[in-house]
Structure formats: C-alpha cells, structure tokens
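> Sequence first, predicted coordinates after that:
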Amino acid sequence: MSPLKVFVLDKNKQPLDPCHAARARELLKQGRATVYKQYPFTIIIKDREVGQSVIHPHQVKIAPGSKVTGLTVLQENTNRCVFAAEISHRGFQIKQALLSRRQLRRSRRLRKTRYRKPRFLNRKRKKGWLPPSLQSRIENVLTWVNRLRHVCPITAISQELVKFDLQKLEQPEIQGVDYQRGELFGFEVKEYLLTKWGHQCAYCSVKDVPLQIEHIVAKSRGGTNRVSNLTLACQKCNQSKGNQPIIEFLKKKPELLNRILSQAKKPLVDATAVNVTRWELYRRLQQTGLPVEVGSGGQTKWNRTNHRIEKSHWADSLCVGASTPKKLLIKGIKPLAITAKGHGTRQRCRTNKFGFPKAHAPSSKYFQGFTTGDIVKANIPTGKFAGTYIGRIAIRFRPSFVLYFLDKKFDVHPKYLNTRQKADGYEYKQ
C-alpha cells in the first residue's frame with residue numbers, strides 16, 4: 001500500500017474518515033473489513049456505522065489543466081493530504097478520432113451521393129455546447145470529484161480559476177490599441193510570413209523560388225493554422241518533411257532546429273483549452289451542492305513557493321485558494337497516475353486508409369467474463385513470464401489476452417486471471 005491514507009466505508013457504504021495503511025491491513029487481517037475498491041484503494045468495515053465514528057471535514061482541491069489535472073484531498077482538521085492524483089486527459093485523441101470519422105463520412109458521401117447539393121451549417125447546437133475534446137476534460141474531473149465524494153466525507157471544493165492572456169503570452173509588452181490590431185495588422189498571411197522568414201525557405205534557406213506555407217506541427221498531428229505554427233518552405237523541403245515532427249526532421253541539424261523553434265512562437269492550444277473550460281467546470285462543480293472556492297494561478301504559485309514545494313500538478317492543486325493552511329503534511333505522498341482511456345468504441349466497421357470496409361468488430365464486448373480495461377491479477381505458473389502481475393488487459397475473442405504491466409506487455413491465457421476491478425475507463429499507476 002502507498003503512504004497515502006486508505007478510504008473507509010461503513011457497512012452501509014457511507015464514507016468514514018480515511019485510516020492509515022497499517023490500520024487497514026490490520027482490519028483486513030482480522031476479517032473485520034474487506035476490499036471494496038482497488039483504485040483508489042478503499043475498504044468497507046463490516047461492523048461499523050456512521051453514527052459510531054467521529055467524521056471530520058475534507059476538501060477536494062483541483063488544479064485544472066489542458067493535458068493533466070491535479071487533484072488532492074485535504075483533511076481540514078489536521079491539514080494532512082490524504083489523497084493525491086494526476087489525471088491525464090485524452091482530448092487530443094478524441095479530436096483525432098472525430099477528424100478521422102469526418103473524413104471517412106465525407107469520402108463515403110462523395111462516392112455515393114456525388115450529385116447531391118452540398119449541405120452544411122444546418123444543425124443548431126444547444127447553449128453552452130463544447131467540443132467533445134474539451135467536454136471530456138470537464139467530465140474526467142467531475143467523475144473523480146463524485147467518486148471521491150462516495151468514499152470520503154467531502155464538505156468543500158477548491159478550484160483554480162486561472163485565465164491566460166493569450167496576446168500577453170506572445171508579446172509581454174503589448175498594451176493599448178495593439179490589442180485590437182493583432183499580429184497580422186496590415187498584412188496578408190503569406191506576406192506576413194515572407195517578411196517574418198526573410199523571403200527564404202526556413203529549412204534550406206533557398207531564395208528566389210516559389211515558397212509554400214508549411215505547418216511546423218502538421219495538422220494531422222494536432223497542429224493549427226495559427227501564424228505561430230506557420231513557416232515557409234520550398235517544395236522539396238515541404239515534401240521531405242511531410243507530417244514528421246520537426247524535432248525528428250531536423251535531428252541532425254540542432255542549430256537550425258533551435259533557430260526555427262525560437263523564431264516561431266509557442267502554440268497556445270493548451271492555454272485556450274483552459275480558458276474555454278474553466279467557467280463551465282466551475283458551474284458544474286456548483287451543481288454538486290458543495291461550497292466552491294476559487295483561486296488564481298498567482299495565488300497558487302505564491303502558496304506553493306511559501307511551502308517550498310516543488311512544482312507538479314498535484315502540488316499545484318494542494319496550494320489552490322486562500323483556504324490553503326500555513327502548514328501542510330505531505331510527507332511520503334506519491335500521487336496516483338490516472339490516465340483516461342475511454343469506454344471503447346461504437347465503430348462496428350473497420351476501414352482501411354482509403355475509407356473502404358476491411359473488417360467488422362464483434363457485437364459483444366465481453367469474452368469469458370472479461371472486457372478490455374479490466375484490472376486483473378495474473379498468476380502465470382510457467383514460461384518466460386512466470387510470476388504474479390497486476391495490470392490492465394485488452395481482450396481478444398480467443399483465449400489469448402494482452403496484459404499491460406508497467407512498461408511492457410505480453411500475452412496471457414484468461415484461465416490465469418482474477419479480476420481485481422472492472423473496467424471504468426481509466427488506467428492507473430502508483
């Protein structure tokens with residue numbers, strides 16, 4: 001067990017104060033308790049009710065991020081951190097999946113209804129709609145807030161409500177009317193890039209040839225059309241680079257790589273995602289009925305600096321808001337790494353790269369009682385991978401599953417597996 005506290009439920013599945021890991025082991029050994037959940041580790045006491053124990057208030061503290069969100073639970077009477085986690089979101093994967101689906105549907109429509117008049121902008125979105133890639137970030141945070149409320153007596157929520165000035169990030173000295181003019185004031189995009197990159201190819205420096213607009217981070221890899229992601233390249237360099245990451249394309253030319261990255265400006269995708277979702281997350285947290293405290297990013301940094309805590313996502317969440325106490329007990333804390341994996345796919349027809357059907361997925365999601373995402377304990381008696389493992393599985397519809405353990409994976413027969421926790425859409429690493 002980790003140095004973190006263990007969540008405890010009474011016999012009616014009502015949350016009690018978390019206990020020390022040694023106390024949990026003692027209760028399990030005596031048979032007074034049983035394991036209720038593996039992640040986060042929770043036990044249920046068979047002979048205890050809420051009225052028989054003193055319960056203290058706990059606070060959930062959240063530091064939302066574009067890729068990773070920090071989450072901690074603070075016991076208010078002792079100022080002790082009893083739980084810490086870092087949730088990795090899958091917004092970019094969702095964006096890529098939706099882009100692939102859109103391209104396949106478009107190509108299919110063009111093949112089957114090539115003479116039909118194009119139709120677009122014929123759907124109305126409800127108020128407050130967010131793209132699925134952003135909505136998933138909010139749902140991940142809300143899912144874990146609700147899960148913690150079921151296993152811990154949560155009485156308050158603290159959220160970092162940070163706002164990024166996107167133009168200030170690009171030009172720290174911008175002020176006044178320059179906010180209205182923007183970066184492209186007086187320029188067309190191509191003319192702006194020609195001026196910015198000196199009328200030459202950014203990769204080979206050739207001049208007096210036709211130059212093409214080139215995406216530093218390819219659109220197929222999540223790049224945008226922002227001018228900070230655009231440069232100029234001759235046809236030969238543009239085709240040679242393709243959609244390769246620029247670090248890979250210029251790995252033998254580190255000086256050129258550093259020059260291009262320093263001349264191009266930092267993309268603001270992550271800052272934009274936080275700006276767009278912050279108020280919607282705040283509104284959804286208020287719907288829980290708990291008091292929600294908000295704090296700025298500057299206040300979080302000030303608290304973390306005063307406590308001399310190294311920067312990390314979970315440490316940022318612990319220092320959110322004015323309610324952060326002057327003394328924090330965080331010795332031995334090791335955050336639980338949570339990665340959003342989704343709940344499978346509804347796509348029944350698998351297609352090749354041209355959009356033509358090549359296979360059909362089985363209608364069933366279970367095989368011999370297992371499904372992809374289950375956390376299992378594997379006892380393999382013989383062979384190269386003989387031993388005991390706890391990890392996440394991916395099923396095949398034959399008696400050979402894939403077991404993911406730490407940074408490796410291998411095949412395992414389902415007869416050697418025992419389910420520790422059913423698939424819930426997340427992967428865990430302690």
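Alright, I've got the coordinates.
> burial count for residue 421?
17 (other CB atoms under 10 Å). The C-beta positions use only the backbone N, C-alpha and C, and glycine is treated the same way.
> If it is in a bridge, with which residues?
Note on residue 421: beta-bridge partners by DSSP bridges are residue 375.
> Surely it and residue 40 touch.
No. Using CB atoms under 8 Å, residue 421 is not in contact with residue 40; the gap is 10.6 Å.
> quick one: contacts for the spatially most central residue of the chain?
Closest to where the C-alpha atoms of the chain average out (CA atoms, centre = their mean) is residue 89, at 1.2 Å. Neighbouring residues of residue 89 by CB atoms under 8 Å, 6 or more residues apart in numbering: 65, 66, 67, 68, 69, 136, 137, 140, 340.
> rerun that using 7 Å as the cut-off
67, 69, 136, 137, 140, 340 (CB atoms under 7 Å, 6 or more residues apart in numbering).
> Buried ones among those?
69, 136, 137, 140, 340 (16 or more other CB atoms under 10 Å).
> residue contacts, residue 358?
With CB under 7 Å, 6+ apart, residue 358 has these contacts: 350, 351, 352.
> ranges for the helices of the stretch 101-250 of the chain?
132-151, 166-170, 178-181, 189-196, 235-241, 246-249 (DSSP state H, counting those that start in this stretch).
> any idea what sits nearest the residue nearest to the centre of the chain, other than its immediate chain neighbours?
In space, residue 89 comes closest to residue 137 once its chain neighbours are excluded; the distance is 4.9 Å by CB to CB, 6 or more residues apart in numbering.
> any idea which of the helices of the stretch 101-250 of the chain is most buried?
helix 132-151 (a mean of 18; mean count of other CB atoms under 10 Å).
> Run through who's touching that helix.
7, 9, 15, 40, 42, 60, 62, 64, 69, 71, 73, 87, 89-91, 94-95, 98, 154, 157, 273, 276-277, 280-281, 284-285, 288, 340.
> In helices, which of those residues appear?
If you go by DSSP state H, the contacts of helix 132-151 have 91, 94, 95, 98, 273, 276, 277, 280, 281, 284, 285 in helices.
> Now do residue 184, the pLDDT please.
Listed pLDDT for residue 184 reads 58.
> Kindly reformat the contacts of residue 89 as JSON lines and extend each row with distance to residue 292 and pLDDT.
Below are the contacts of residue 89 laid out as JSON lines (distance: CB to CB, whole Å; pLDDT from 0 to 100):
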{"residue": "67", "distance to residue 292": "23", "pLDDT": "92"}
{"residue": "69", "distance to residue 292": "16", "pLDDT": "95"}
{"residue": "136", "distance to residue 292": "21", "pLDDT": "95"}
{"residue": "137", "distance to residue 292": "17", "pLDDT": "95"}
{"residue": "140", "distance to residue 292": "18", "pLDDT": "95"}
{"residue": "340", "distance to residue 292": "23", "pLDDT": "95"}
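> ok, so of these, who is nearest residue 375?
residue 340 (15.0 Å; CB to CB).
> you'd agree that closest one is up against residue 426?
Yes. In terms of CB atoms under 7 Å, residue 340 counts as a neighbour of residue 426; the distance is 6.0 Å.
> Let me see the contact set for residue 53.
16, 17.
> So residue 345, which state does it fall into?
coil (DSSP: H, G, I helix; E, B strand; the rest coil).
> Can you report how many residues lie near it?
When neighbours are counted by other CB under 10 Å, residue 345 registers 9.
> picking up where we left off before, who wins for neighbours among the contacts of residue 358?
Top of the contacts of residue 358 by neighbour count (other CB under 10 Å): residue 351, with 15 neighbours.
> List the contacts of it.
Applying CB under 7 Å, 6+ apart, the residues near residue 351 are 104, 357, 358.
> give me that answer again for 6 Å
104, 357 (CB atoms under 6 Å, 6 or more residues apart in numbering).
> how near is it to residue 389?
35 Å (CB to CB, to the nearest Å).
> still on that earlier bit, nearest to residue 317 among the contacts of residue 89?
The closest of these, once distances to residue 317 are taken by CB to CB, is residue 69, at 7.8 Å.
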